[in-house]
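Peer 1: with the sequence up front, the predicted model follows.
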Amino acid sequence: MAKARTVVGLDIGTTKVCAVVGEIDEDGETHIVGVGTAPSRGVRKGVVVDLDSTTHAIEEAVERAERMAGTKILSAFVAASGEHISSQNTRGVVAVARGDREIGDTDVARVIEAARVSALPAQDREIIHLLPRDFIIDGQDGVKNPVGMYGSRLEVEAHIVTGTSTLLANLVKCVQRAGLEVEELVLEPLASSEAVLTPTEKDLGVILADIGGGTSSLGIFLGGGLCHTAVLPVGGNHLTNDIAVGLRTPMAEAEKLKLRHGAAMSAMAAEGELIEVVNVGNAKPRILPRRILCEIIEPRLVEIFDLIKAQIKRSGYGAFLAGGIVLTGGTALLEGISELASRELDMPARVGVPGNVIGLIDAVNSPIYATGVGLVLYGARTQRIGRVSRTAIRGSVWVRLRNWLREFFQVG
């Protein structure tokens, strides 16, 4: 019997580091066999600000995942996020090389390279993903796999995601200092989409909002692929800070109040519901209506959804999001958040929990594990196509070809 392959996802967030271990069996099924989390102490708004603290948090999360999985973790697919992430759509055009005009793999690689060259980022930025969305042959659009077809002119519409080189290098350095090899950096909403979005949603048009501790990562999917990316500088920590200031309570207590008694809409707090609020210092705790807590949370969430609405408008895809919005991340655990999102954005909304996996399903059955599980699924799909060393071929056109193959020959 073939030995199961191990794939690890590493989500290094502002509030937590999460390592998820998956095993891919001979049938291509992904089994979750280990999960480890640790408080994140060296990341702010998705960016590493303390190398030592981040490294120690990674080591702690990985050690816990190793104990649960009973295996040694040597490498991982790592989520990339932060305000420095940006994206753009681009196009490449080439003439088909063969005399008989049959399009081959080399033509696809050339046109993807042309798209990359036409949108070269500034010197201080690095391409994280170049994702072909659609091919056009002699003016005929909507082609998903042009290999083997005939034509004279081949075009590609692609989505390019970039990040600041130094900030990405700091992230990679922390992982390497923890003793792991970075298989690949993966955009956070792209990873999460593997775990929580259906192919139908991606095709119809959907926005994925991963509302983490320090940032909210957005990805708009249409026609089966990613077409707009943004990272907003607000997240769950801003709710916690609002609660701490509004109720005059320590940050740690504010976080507990948010998790235990918080709700996205003040109307969800029943009349007469009371909560105990710890004061700063040694004063006796106060008893307050739960509605006051919810009245602090709701305006901040409305602000986040207003920022998401602005990004939808900026993208130009607002009229095509029939799939609505899917919410993940720790803040998605708030009671009533999907109802508030639907009200504010005027579209269907749901909370996304990881799917498409078996094994320790209960251990990852929460929106906070969407990115970690998604990284495992992304890595599993990569290995099905054929593992190629990213270091050995970095910068080669074959990297772009490999990424194209992932997009257009994915399973499920």
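Peer 2: Yep, that arrived. Numbers count the residues shown, from 1 in each chain.
Peer 1: next, count neighbours for the closest residue to residue 234 other than its chain neighbours.
Peer 2: Leaving aside its chain neighbours, residue 234 sits nearest to residue 304 (5.4 Å; criterion: Cβ to Cβ, 6 or more residues apart in numbering). Any C-beta I mention is one placed from the backbone N, CA and C, and that applies to glycine too. Neighbourhood size, residue 304 [other Cβ atoms under 10 Å]: 23.
Peer 1: same check, this time on residue 104
Peer 2: Residue 104 has 14 nearby residues by other Cβ under 10 Å.
Peer 1: contact partners for residue 287?
Peer 2: 274-277 (Cβ atoms under 8 Å, 6 or more residues apart in numbering).
Peer 1: which of the three states applies to it?
Peer 2: The three-state assignment at residue 287 reads strand, by DSSP: H, G, I helix; E, B strand; the rest coil.
Peer 1: could you check how far it is from residue 277?
Peer 2: 8 Å (Cβ to Cβ, to the nearest Å).
Peer 1: and for residue 194?
Peer 2: From residue 194 to residue 277 the distance is 40 Å (Cβ to Cβ).
Peer 1: who has more neighbours, those two?
Peer 2: residue 194 (27 against 19).
Peer 1: could you dump the helix or strand hosting that one to PDB, C-alpha only?
Peer 2: Assigning secondary structure by DSSP states H and E places residue 194 in helix 188-196. Presented in PDB, the C-alpha positions along helix 188-196 are these (Å, rounded to 0.1, in the frame of the first residue of the first chain):
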ATOM      1  CA  GLU A 188      -4.500  34.000   3.100                       C
ATOM      2  CA  PRO A 189      -7.900  34.300   1.300                       C
ATOM      3  CA  LEU A 190      -6.700  32.000  -1.500                       C
ATOM      4  CA  ALA A 191      -5.800  29.400   1.100                       C
ATOM      5  CA  SER A 192      -9.100  29.800   3.000                       C
ATOM      6  CA  SER A 193     -11.100  29.500  -0.200                       C
ATOM      7  CA  GLU A 194      -9.800  25.900  -0.600                       C
ATOM      8  CA  ALA A 195     -11.500  25.000   2.700                       C
ATOM      9  CA  VAL A 196     -14.700  27.000   2.800                       C
END
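Peer 1: buried ones in the helix or strand that comes right after it?
Peer 2: Downstream of helix 188-196, the next assigned helix or strand under DSSP H and E is helix 199-204. For helix 199-204, the neighbour count (16 or more other Cβ atoms under 10 Å) marks 201-202, 204 as buried.
Peer 1: report all helices and strands that helix 199-204 contacts.
Peer 2: Judged by 3 or more Cβ pairs under 8 Å, 6 or more residues apart in numbering; DSSP states H and E, helix 199-204 is in contact with strand 216-222.
Peer 1: quick check: neighbours of the strand it packs on in the sheet, parallel or antiparallel?
Peer 2: Partners of strand 216-222 in the sheet, by DSSP bridges, are strand 206-211 (antiparallel), strand 225-232 (antiparallel).
Peer 1: average pLDDT for the shortest one?
Peer 2: Averaging the model's pLDDT scores along strand 206-211 yields 97.
Peer 1: equivalent analysis for the longest one, please.
Peer 2: Average pLDDT, strand 225-232: 94.
Peer 1: and the contacts of it?
Peer 2: Against strand 225-232 from outside (Cβ under 8 Å, 6+ apart): 46, 81-87, 89, 129, 131-134, 159, 161, 187, 189-190, 193, 202, 215-221, 304, 307-308, 311, 314-315, 317, 407.
Peer 1: can you select the buried ones from those in PyMOL?
Peer 2: For the buried members of the contacts of strand 225-232, the matching PyMOL selection, counting by 16+ other Cβ under 10 Å, is:
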select buried, resi 46+81+82+83+84+85+87+89+129+131+132+133+134+159+161+187+189+190+193+202+215+216+217+218+219+220+221+304+307+308+311+315+317+407
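Peer 1: how about the helices in the chain?
Peer 2: 51-69, 105-118, 165-177, 188-196, 199-204, 236-247, 251-261, 290-315, 337-345, 370-385, 397-408 (DSSP state H).
Peer 1: only C-alpha atoms, please: export the fifth one in CSV.
Peer 2: Looking back up the chat, that one is helix 199-204. Provided in CSV are the C-alpha atoms of helix 199-204 (Å, rounded to 0.1, in the frame of the first residue of the first chain):
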residue,chain,number,x,y,z
PRO,A,199,-16.8,25.5,-6.9
THR,A,200,-20.3,26.9,-7.6
GLU,A,201,-19.7,29.9,-5.4
LYS,A,202,-16.3,30.6,-7.1
ASP,A,203,-18.0,30.4,-10.5
LEU,A,204,-21.0,32.6,-9.7
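Peer 1: go through the strands paired with strand 216-222 and name the closest to residue 152.
Peer 2: strand 225-232 (25.3 Å; Cβ to Cβ).
Peer 1: tell me how far the closest one is from the chain's mean position?
Peer 2: Its chain's C-alpha centre and that of strand 225-232 lie 10 Å apart, by Cα atoms, centre = their mean, to the nearest Å.
Peer 1: so it versus helix 290-315, what angle?
Peer 2: Here strand 225-232 points in a direction 130 degrees away from that of helix 290-315 (axes from the mean of the first three to the mean of the last three Cα atoms, to 10 degrees).
Peer 1: between strand 225-232 and helix 188-196, how many degrees?
Peer 2: Using the same axes, to 10 degrees: strand 225-232 against helix 188-196 is 120 degrees.
Peer 1: worst-scoring helix or strand of this structure, pLDDT-wise?
Peer 2: helix 397-408 (a mean of 51; mean pLDDT, DSSP states H and E).
Peer 1: before we move on, back to that, any chance of the helices of the chain in JSON lines, plus distance to residue 282?
Peer 2: Formatted as JSON lines, these follow (distance: least, Cβ to Cβ, whole Å):
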{"stretch": "helix 51-69", "distance to residue 282": "30"}
{"stretch": "helix 105-118", "distance to residue 282": "61"}
{"stretch": "helix 165-177", "distance to residue 282": "39"}
{"stretch": "helix 188-196", "distance to residue 282": "41"}
{"stretch": "helix 199-204", "distance to residue 282": "52"}
{"stretch": "helix 236-247", "distance to residue 282": "17"}
{"stretch": "helix 251-261", "distance to residue 282": "13"}
{"stretch": "helix 290-315", "distance to residue 282": "22"}
{"stretch": "helix 337-345", "distance to residue 282": "35"}
{"stretch": "helix 370-385", "distance to residue 282": "40"}
{"stretch": "helix 397-408", "distance to residue 282": "57"}
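Peer 1: count the residues that sit near the residue nearest to residue 37 when sequence neighbours are not counted.
Peer 2: Spatial nearest neighbour of residue 37, excluding adjacent residues (Cβ to Cβ, 6+ apart): residue 18 at 4.9 Å. Residues contacting residue 18 under the criterion other Cβ under 10 Å number 25.
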